[in-house]
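Peer 1: only geometry, no sequence info:
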């Protein structure tokens with residue numbers, strides 16, 4: 001697996017993305033995160049990874065789904081078959097039922113979490129409470145839409161967010177599998193120890209998603225944890241809350257409760273990892289009108305080509321905008337549609353590109369790798385990866401190299417972060433040597 005490969009190598013640093021924090025929250029026991037990772041992986045038919053790779057027990061989910069939706073084709077929940085499971089093939093019909101089952105459970109659990117955390121400002125997304133079960137409609141953003149699937153036998157119209165006893169048993173089984181998966185917990189510990197929401201290195205700034213801005217391009221002030229934060233201060237506060245949830249939950253809070261911040265970062269409009277006004281998972285399943293499926297990007301993505309915006313962000317993180325660059329992930333670059341990865345006059349680089357197979361038809365590529373030498377900066381454009389052959393070999397497509405920048409003066413070791421550390425060590429040794437020579441420290445014979 002990719003995580004095993006990374007853990008076997010030195011010099012790895014990870015900037016957490018939205019999917020990373022979702023798995024991190026699940027590993028802490030947060031039910032919103034747990035139900036979401038199961039739903040996504042069932043949707044994409046990743047049963048081998050869940051059951052064989054991490055040892056998750058999906059039997060209770062499968063049994064309940066078969067029982068509840070035995071005669072329901074679950075048309076809108078058919079899995080996206082990108083890969084064929086080698087060790088644990090699940091019939092697509094059963095996968096669709098499991099998909100619908102875990103989706104309903106997820107919406108219930110998320111609704112409960114929204115009520116517990118009004119500070120997340122997600123009350124308008126508690127859509128199970130907006131269903132009119134007699135009319136078969138749902139209210140979204142003040143407008144009523146017909147539901148295209150009203151076979152919802154596990155939802156009590158009088159208490160839509162309550163889990164049934166059987167649904168509770170499913171969640172207990174999933175929680176137990178995740179908390180007790182030695183391999184998963186080992187991978188998540190590595191993400192925590194080798195990752196962060198951002199990285200400053202050699203005068204450059206690395207982050208996954210975006211910086212919260214208002215429509216005028218000013219840093220957006222956001223209230224979180226009883227304080228107001230913006231720009232770099234907001235990112236640092238969130239990083240602190242993520243680590244606190246894993247290692248030092250506050251008095252009276254479990255790690256699972258504290259990890260709700262990671263679920264918030266998965267789908268909130270104010271999340272620097274999500275970058276959209278809402279996550280329309282419910283609408284995509286239950287509403288035919290595709291206008292409701294649209295997720296609008298936050299102002300950052302409309303302003304990211306402006307050089308002054310990049311300068312402002314670099315300065316807010318204490319970097320020199322004349323020298324520094326921003327390396328940005330998250331948003332796949334649709335190269336086949338003419339999009340370019342270089343923004344803001346060469347100060348911001350969107351290097352995600354879409355390494356995931358699900359994006360290849362959209363982007364035409366498999367992402368970029370930024371390569372920095374002492375003199376140049378390159379972007380390596382990767383072609384979609386070929387699957388492994390039965391004999392373990394693979395067709396390798398050589399990446400296309402693009403020269404993006406040439407620095408006027410060669411960067412030396414002394415100009416890097418390592419160089420700063422080395423100079424500090426040299427200064428300390430020189431001071432120690434002077435202390436010996438001056439007699440301030442007596443030699444021991």
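Peer 2: Perfect, thanks for sending it. Note that this is a predicted model, so its numbers are computed, not measured. Numbers count the residues shown, from 1 in each chain.

Peer 1: next SSE after the helix or strand bottoming out on mean pLDDT in the chain?
Peer 2: Within the chain, no helix or strand scores below helix 360-363, which has a mean of 58 by mean pLDDT, DSSP states H and E. Downstream of helix 360-363, the next assigned helix or strand under DSSP states H and E is strand 368-372.

Peer 1: could you list the buried residues of that next one?
Peer 2: Within strand 368-372, the residues scored as buried using 16 or more other CB atoms under 10 Å are 368, 370, 372. Using the backbone N, CA and C atoms, a C-beta is placed for each residue, glycine as well.

Peer 1: again with stretch 54-68
Peer 2: Residues of stretch 54-68 classed as buried: 54, 56, 57, 58, 60, 61, 62, 64, 65, 68 (neighbour count, 16+ other CB under 10 Å).

Peer 1: any low-confidence regions in the stretch 251-400 of the chain?
Peer 2: 332-338, 353-364, 388 (pLDDT under 70).

Peer 1: show me where it has strands.
Peer 2: 326-328, 342-343, 348-350, 368-372, 376-381, 400-406 (DSSP state E, counting those that start in this stretch).

Peer 1: can you tell which of these is closest to residue 159?
Peer 2: Using CB to CB as the measure, strand 326-328 is the one of the strands of the stretch 251-400 of the chain that comes nearest residue 159, at 43.3 Å.

Peer 1: quick one on the thing from earlier: which of the buried residues of stretch 54-68 fall in helices?
Peer 2: The helices, defined by DSSP state H, take in 60, 61, 62, 64, 65, 68 from those.

Peer 1: can I get those in a markdown table with pLDDT and distance to residue 89?
Peer 2: Putting these into a markdown table (pLDDT from 0 to 100; distance: CB to CB, whole Å) gives the following:
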| residue | pLDDT | distance to residue 89 |
| --- | --- | --- |
| 60 | 98 | 19 |
| 61 | 98 | 16 |
| 62 | 97 | 13 |
| 64 | 98 | 20 |
| 65 | 98 | 16 |
| 68 | 98 | 22 |
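
Peer 1: identify the farthest-apart pair in those residues.
Peer 2: Every pair of these checked by CB to CB; the farthest is 60 and 68, at 12.2 Å.

Peer 1: show residues contacting stretch 57-77.
Peer 2: 38, 43, 47, 50-51, 90, 93-94, 96-103, 148-149, 151, 153-154, 166-167, 169-170, 173-174, 176-177, 285-286 (CB atoms under 8 Å, 6 or more residues apart in numbering).

Peer 1: name the helices or strands packed onto whatever helix or strand residue 168 lives in?
Peer 2: Using DSSP H and E, residue 168 sits in helix 165-179. In terms of contacts (3 or more CB pairs under 8 Å, 6 or more residues apart in numbering; DSSP states H and E), helix 165-179 is packed against helix 18-27, helix 31-43, helix 59-68, helix 92-116.

Peer 1: tell me which residues of the last one are tucked away?
Peer 2: For helix 92-116, the neighbour count (16+ other CB under 10 Å) marks 95-114 as buried.

Peer 1: could you do stretch 306-323 as well?
Peer 2: Buried residues in stretch 306-323 (16+ other CB under 10 Å): 306, 309, 310, 311, 312, 313, 314, 316, 317, 319, 321.

Peer 1: in a markdown table, list these along with distance to residue 183.
Peer 2: Shown next, in a markdown table, are the buried residues of stretch 306-323 (distance: CB to CB, whole Å):
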| residue | distance to residue 183 |
| --- | --- |
| 306 | 44 |
| 309 | 41 |
| 310 | 40 |
| 311 | 44 |
| 312 | 42 |
| 313 | 37 |
| 314 | 39 |
| 316 | 39 |
| 317 | 35 |
| 319 | 38 |
| 321 | 43 |
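
Peer 1: quick one: contacts for residue 173?
Peer 2: So residue 173 contacts 57, 59, 60, 61 (CB under 8 Å, 6+ apart).

Peer 1: ok, the residues you listed vs residue 271, which is closest?
Peer 2: Of those, the one sitting nearest to residue 271 (CB to CB) turns out to be residue 61, at 27.6 Å.

Peer 1: for the closest one, give its distance to residue 100.
Peer 2: The gap separating residue 61 from residue 100 is 11 Å, by CB to CB, to the nearest Å.

Peer 1: returning to that earlier point: in a markdown table: the strands of the stretch 251-400 of the chain, plus distance to residue 238.
Peer 2: Shown next, in a markdown table, are the strands of the stretch 251-400 of the chain (distance: least, CB to CB, whole Å):
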| stretch | distance to residue 238 |
| --- | --- |
| strand 326-328 | 17 |
| strand 342-343 | 24 |
| strand 348-350 | 21 |
| strand 368-372 | 24 |
| strand 376-381 | 28 |
| strand 400-406 | 30 |
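
Peer 1: what's the closest of those strands to residue 426?
Peer 2: Comparing these under CB to CB, the one sitting nearest is strand 368-372, at 24.8 Å.

Peer 1: how does the protein divide up, domain by domain?
Peer 2: 2-6+14-267, 297-411, 412-445 (automatic domain parsing).
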